[in-house]
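Asker: Dropping the sequence and predicted coords here.
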Amino acid sequence: MKPVSVKNLSITLGAAQILPDVSFDVAAGECFGLVGESGSGKSTVLRCASMLWSIWDGEVRIGDQSVRDMDVMERCRTLQMVFQDPYGSLHPRQSVRTVLSEPLAIHGLDNRQDRMKAALSDVGLPSEFLDRFPHQMSGGQRQRVAIARALILEPDVLFLDEPTSALDVSVQAEILNLLARLRQEKGFTYIMVSHDLAVVDHMCERFAVMQSGRIVEVLDRDDIVANRAKEPYARELIGASLAYEQVV
């Protein structure tokens, strides 16, 4: 369980500033949300903070360490990401056994069979799934495998990039409840990107509203229903979400 601190994160490509200046802090064990319209920079923040993109300015710290100062092995043991699309994040020709055993082999961890079975059990899948391929699983099962892959190295922090948006509505609640249970049991710190404020309300204690690469306001979960946002864009975003839920 470790806190995450993002300070003055920015990206400049030529004359264009993609992320002008992003700063926020996440407490150890907290689930912090990033919300906003498409293209507002939410997923870009995660890609920078995880060092999937390395050309950025500012500082990202996990605990007392900068992610830039961690070597790749240490960073992978500390931080993992669950991506939006379970269809694209798993190799179509690799079995679940291969998907889960590869990080264990890279990091030289023993008891691999037991670790793989435990990771599948954590996400509610039987050990028989080790010999299945992605095309033999539903979307929800694929995402559970992707979460198991993120858990296999026992990280402190998980970045969740719209982990349910590619799934059927009937499956979304199952995955969200799974993620909530895992955080409670294992003490993970989450940063979750979502365009759905109902998901944020279910998962996050606090969330930041992003617009054009900037954080315009940080709010508590309780601010959603009463729409206590002060910034006009944040109020408009929350108001539109509440109006949509009433119609549905």
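Answerer: That came through, no problem.
Asker: Help me confirm that residue 205 comes into contact with residue 222.
Answerer: No - in this structure residue 205 lies outside contact range of residue 222 using CB atoms under 8 Å: 9.5 Å. Yep, even glycine has a C-beta here, placed from its N, CA and C like the rest.
Asker: Just want to know which of these two has more residues nearby.
Answerer: In terms of neighbours (other CB atoms under 10 Å), residue 205 is the more surrounded of residue 205 and residue 222; the figures are 16 against 11.
Asker: Can you name the residues that contact the more buried one?
Answerer: Contacts of residue 205 were listed using CB atoms under 8 Å, 6 or more residues apart in numbering, and they are 30-32, 220-221.
Asker: if we go to 6 Å?
Answerer: Residues counted as contacts of residue 205 (CB atoms under 6 Å, 6 or more residues apart in numbering) are 30, 221.
Asker: begin at 6 from here
Answerer: That works, and once the first residue is 6, the last one we named lands at residue 210.
Asker: Under the pLDDT cut-off, which ranges of the protein? List them.
Answerer: For the chain, the stretches with pLDDT under 70 are 248-253.
Asker: can you give me the helices in this protein?
Answerer: Assigned by DSSP state H, the chain shows helices spanning 47-54, 77-83, 91-94, 101-111, 117-127, 144-156, 174-191, 202-208, 228-231, 237-252.
Asker: List the contacts of the most centrally placed residue in the chain.
Answerer: Within the chain, one residue has its C-alpha closest to the average C-alpha position: by CA atoms, centre = their mean, that is residue 165, at 1.1 Å. Applying CB under 6 Å, 6+ apart, one finds that residue 165 lies in contact with 87, 195, 197.
Asker: wait, the first one sits on residue 170?
Answerer: In other words, residue 87. No - look at residue 87 against residue 170 with CB atoms under 6 Å: they stay out of range, at 11.8 Å.
Asker: So which of those two has more stuff around it?
Answerer: Counted by other CB under 10 Å, residue 87 and residue 170 do not tie: residue 87 has more neighbours, with 23 against 14.
Asker: quick one: that one and residue 124, what's the gap?
Answerer: Relative to residue 124, residue 87 is positioned 13 Å away (CB to CB, to the nearest Å).
Asker: just to revisit the earlier point, rebuild the helices of the chain as a markdown table, extending it with distance to residue 25 and mean neighbour count.
Answerer: Formatted as a markdown table, the entries for the helices of the chain read as follows, by distance: least, CB to CB, whole Å; neighbours: other CB atoms under 10 Å:
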| stretch | distance to residue 25 | mean neighbour count |
| --- | --- | --- |
| helix 47-54 | 12 | 22 |
| helix 77-83 | 26 | 15 |
| helix 91-94 | 29 | 18 |
| helix 101-111 | 35 | 18 |
| helix 117-127 | 39 | 17 |
| helix 144-156 | 30 | 23 |
| helix 174-191 | 30 | 15 |
| helix 202-208 | 23 | 20 |
| helix 228-231 | 24 | 14 |
| helix 237-252 | 15 | 15 |
